[in-house]
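Asker: give me a model of this one.
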Amino acid sequence: MKETVGKEVAEAEFERFAEAMDLDLDPDYMSQEDREGFEKHKRRVTREIMRGSLIVNDDGEAVYTPWKSTTKHKDPITFHERTGHTVSTMDQSKKSQQARQTYGMMAEMCRVHPSIFSSMVGTDIKVCEALFALLMD
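Answerer: Predicted structure coming up:
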């Protein structure tokens, strides 16, 4: 995909998202492993902002529109701030079903059916998982 937004604008939008979602992104309080994970997620998110497939709405929520040709779901997906109900969604699956738990929490957070995420491919699911990881930290 071609870039439609400059890197500085994308980084400013990422910061606006982080502020609105009250994300603690101070690297001084992250372990080396956490810093590496954060940087990876941030790169994915800012890259999609630059491509135009991810926007930050007026409420500071990330809105991602899947674009891979092999992903069936093409409607925008809004990543709302997590709630206690988001986390309690894990109780609906067995402990050994970690993927089901993750996609269930993502679905609750985004107010979509879990199958939306389980049928995504490549970049689409990686971006959604990165947003989820940032919001769940």
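
Asker: in the chain, which spans are helices?
Answerer: 7-20, 32-51, 84-88, 98-110, 115-118, 122-136 (DSSP state H).

Asker: out of those, nearest to residue 57?
Answerer: Taking Cβ to Cβ, helix 7-20 is the member of the helices of the chain nearest to residue 57, at 9.3 Å. For every residue, glycine as well, the C-beta is placed using N, CA and C.

Asker: out of the helices of the chain, flag the one nearest residue 66.
Answerer: Closest among those, once you apply Cβ to Cβ, is helix 122-136, at 4.2 Å.

Asker: avg pLDDT for that closest one?
Answerer: Helix 122-136 carries an average pLDDT of 95.

Asker: buried residues, it. List them.
Answerer: 123, 124, 125, 127, 128, 129, 130, 131, 132, 134, 135 (16 or more other Cβ atoms under 10 Å).

Asker: quick one on the thing from earlier: take the helices of the chain and lay them out in CSV including distance to residue 58.
Answerer: Compiled in CSV, these are given as follows (distance: least, Cβ to Cβ, whole Å):
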stretch, distance to residue 58
helix 7-20, 10
helix 32-51, 15
helix 84-88, 22
helix 98-110, 17
helix 115-118, 23
helix 122-136, 17
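
Asker: could you tell me the least trusted of those?
Answerer: helix 84-88 (a mean of 54).

Asker: if I look at the nearest residue to residue 121 once chain neighbours are set aside, how far off is residue 55?
Answerer: Nearest residue to residue 121 in three dimensions, chain neighbours excluded: residue 70, at 4.9 Å (Cβ to Cβ, 6 or more residues apart in numbering). Relative to residue 55, residue 70 is positioned 23 Å away (Cβ to Cβ, to the nearest Å).

Asker: among those two, which residue is more densely surrounded?
Answerer: residue 55 (17 against 10; other Cβ atoms under 10 Å).

Asker: residues in contact with that one?
Answerer: Neighbouring residues of residue 55 by Cβ atoms under 8 Å, 6 or more residues apart in numbering: 13, 49, 62, 63.

Asker: I appreciate the help and will end here.
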